[in-house]
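>>> All I have is the shape, not the residue letters:
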């Protein structure tokens, strides 16, 4: 079968290879024939082979942790899935035994493995999943949407589980990837009066137009400081909440310049390198900071429901690529020409 492999510990050494088809090794496993697999920011970091990934990821490794497909084989103990079911899989492989897992916090398992980085991922024709790591895909969602839904679960976990946005508030979202765009939509669902999405020069051609299509106010913070934009937009001149989805040091350092004293920040973006933080300004303003990381089983279920009911949308962010265009898809994602590239396997 075919798989997309990070082949060497060098930048851009990723290719489509012939690999061995896996077998079910556990009575609770389900074999999924992959239809769609999406490229995540972490896949782009692996493709570039940036410094923070060099000691973290396994090489060679099958890339990817966002996928959907069809059940083609089930283990003898499987009860919740049958052959032919449309499914999507979770990104993390958790142990189920550590304290965090036993208290329902499987997303921060002490022994967590991340598909496509520390263990083989989903960019291949067949992938075995434990039954507990799969979710039924609603009939009205495409396979591409179901694959990319994994990224949306990160926003759902952060904004709806780890944060509390009050109605009537002003929210700034920094970062115009799928996580940022879903976070912005969720902020609106929570009752925010103004949701402003901030991007950079690189976002102007593809990503900012998508944000505008969702009805959000947008700005290029490389051309206009967010503090200045807010002073022209609102009487209070400051934001109540910041959803930081870029992981960029410049975005993080700018937060105290436009967030009101006593305001709150949710850090969703995962930096690719060391980031400084203006702690003196943060402390003097009594700014509250929360972090969030990946998602739980319930977040997946809620995300699929929100998508199915059209409460949130990710379809405008998706761009499909064939397996003949692996390098093109990664380069398009890296250069922000495609917001969410998705490989079609079937």
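Yep, that arrived. All values derive from a computational prediction rather than experimental measurement.
>>> quick one: pLDDT of residue 164?
As predicted, residue 164 sits at a pLDDT of 96.
>>> part of a helix, is it?
No. Using DSSP: H, G, I helix; E, B strand; the rest coil, the assignment for residue 164 is coil, not a helix.
>>> Please list all residues in contact with residue 329.
Listed by C-beta atoms under 8 Å, 6 or more residues apart in numbering, the contact partners of residue 329 are 39, 321, 338, 341, 343. Using the backbone N, CA and C atoms, a C-beta is placed for each residue, glycine as well.
>>> Just the buried ones among those, please.
39, 321, 338, 341, 343 (16 or more other C-beta atoms under 10 Å).
>>> who does the second one bridge with?
Here residue 321 shows beta-bridge partners residue 343, assigned using DSSP bridges.
>>> Provide a list of residues in contact with residue 271.
Contacts for residue 271 (C-beta under 8 Å, 6+ apart) come out as 52, 247-249.
>>> so where's this protein uncertain?
Within the chain, the stretches with pLDDT under 70 are 234-236.
>>> all helices of it, in order?
Secondary structure of the chain (DSSP state H): helices located at 41-48, 51-54, 99-102, 143-155, 178-189, 207-213, 226-233, 249-258, 279-284, 297-308, 326-334.
>>> looking at those helices, which is closest to residue 135?
Shortest distance between residue 135 and those, using C-beta to C-beta, is found for helix 297-308: 5.0 Å.
>>> now what about that closest one, what contacts it?
Contacts with helix 297-308, where a contact means C-beta under 8 Å, 6+ apart, come from 88, 90, 106-107, 132, 135-138, 140-141, 145-146, 149-150, 152-153, 156-157, 160-161, 295, 312-314.
>>> and if you look at stretch 139-146?
By C-beta under 8 Å, 6+ apart, the surrounding residues in contact with stretch 139-146 are 35-36, 38, 68-69, 86, 88, 137, 149, 304, 307-308, 314-315, 318, 320, 342, 344, 346.
>>> Show the buried residues in the contacts of helix 297-308.
Neighbour-count burial (16+ other C-beta under 10 Å) is assigned, among the contacts of helix 297-308, to 88, 90, 106-107, 135, 137, 141, 145-146, 149-150, 152-153, 156-157, 160, 295, 312-314.
>>> Tally up the residues packed near residue 220, please.
Neighbour count of residue 220, defined by other C-beta atoms under 10 Å: 15.
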